[in-house]
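Undergrad: I would like to see how this sequence folds:
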Amino acid sequence: MKPFKKRRRGGITATFEIGEAHLLANLAGQVVELLRDRNAEEESEADPLAAQLGMGGSSLPPDDPVLLRLLPDAYRDDPDDAGEFRRFTERALTTSKVHHAETLIGSLVDGGLRFETPLSSVDDEPVEVELDHAEVQSWLRALTDIRLSLAVRLGIESEEDTQLVAQSGDDAIVAMSDIYEWLGYVQETLISALE
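TA: Alright, predicted model coming up:
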């Protein structure tokens, strides 16, 4: 990856190797799928006004720990208030998170990423993304959601946990830890380019 940098004519740009772009798109797609599953259509007929306002979600917290981290309770000490708040806000929040992840994927596609060609047969053309202000904000939010998701799956809650996971004897966990760290680097270069 060539880090994000600000262009003189405006916008922020970065170049990703094709494998990096596929990885980012895949991880963002997994977040989209997870959120859409949570936000699925209900079996009963929704209140039309609530649906129009983005309300009407479940009042129960998600069972999946990743979803619970992405969609936390607003009131930790009061389950009734937390449920009511969730019922009126969760659908809009998931829609917003899906939009940010899809913006990230769309930027990669606009930069040259193609899904129809197998990764092993793709030429080495890099994927160059150029982001405007709104896209930068979507990327920052999407990267945060992806990293939070990975942190939950890896059991990372502190800097010490990050170090322990990186030293794991399980190659798959170490690989996911490397991805987690790399995503932090991507996010860091994007923030630096804004300064």
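Undergrad: all contacts plus neighbour counts: C-alpha atoms, from now on.
TA: OK.
Undergrad: for this structure, which segments count as strands?
TA: 2-6, 12-16, 127-131 (DSSP state E).
Undergrad: can you name every helix or strand that the first one contacts?
TA: By that I understand strand 2-6. With contacts defined as 3 or more Cα pairs under 8 Å, 6 or more residues apart in numbering; DSSP states H and E, the secondary structure elements packing on strand 2-6 are strand 12-16, helix 171-194.
Undergrad: hey, which of these is tucked in deepest?
TA: Most buried of the helices and strands packed on strand 2-6 by mean neighbour count (mean count of other Cα atoms under 10 Å) is strand 12-16; its value is a mean of 20.
Undergrad: who does that strand touch, helix- and strand-wise?
TA: Contact analysis of strand 12-16 by 3+ Cα pairs under 8 Å, 6+ apart lists strand 2-6, strand 127-131 as its packing neighbours.
Undergrad: about what we covered before: of the helices and strands packed on strand 2-6, which is nearest residue 84?
TA: helix 171-194 (33.5 Å; Cα to Cα).
Undergrad: ok, longest helix in the protein?
TA: Once the chain is assigned using DSSP state H, the helix that runs over the most residues is helix 79-110.
Undergrad: include distance to residue 5 and mean pLDDT when you put the helices and strands packed on strand 2-6 into TSV, please.
TA: Converted to TSV, these look like this (distance: least, Cα to Cα, whole Å; pLDDT from 0 to 100):
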stretch	distance to residue 5	mean pLDDT
strand 12-16	6	97
helix 171-194	5	95
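Undergrad: list the buried ones in stretch 18-32?
TA: 18-22, 24-25, 27-29, 31-32 (16 or more other Cα atoms under 10 Å).
Undergrad: which one of those residues is nearest to residue 92?
TA: Sorting the buried residues of stretch 18-32 by distance to residue 92 puts residue 32 at the head of the list, at 13.8 Å, by Cα to Cα.
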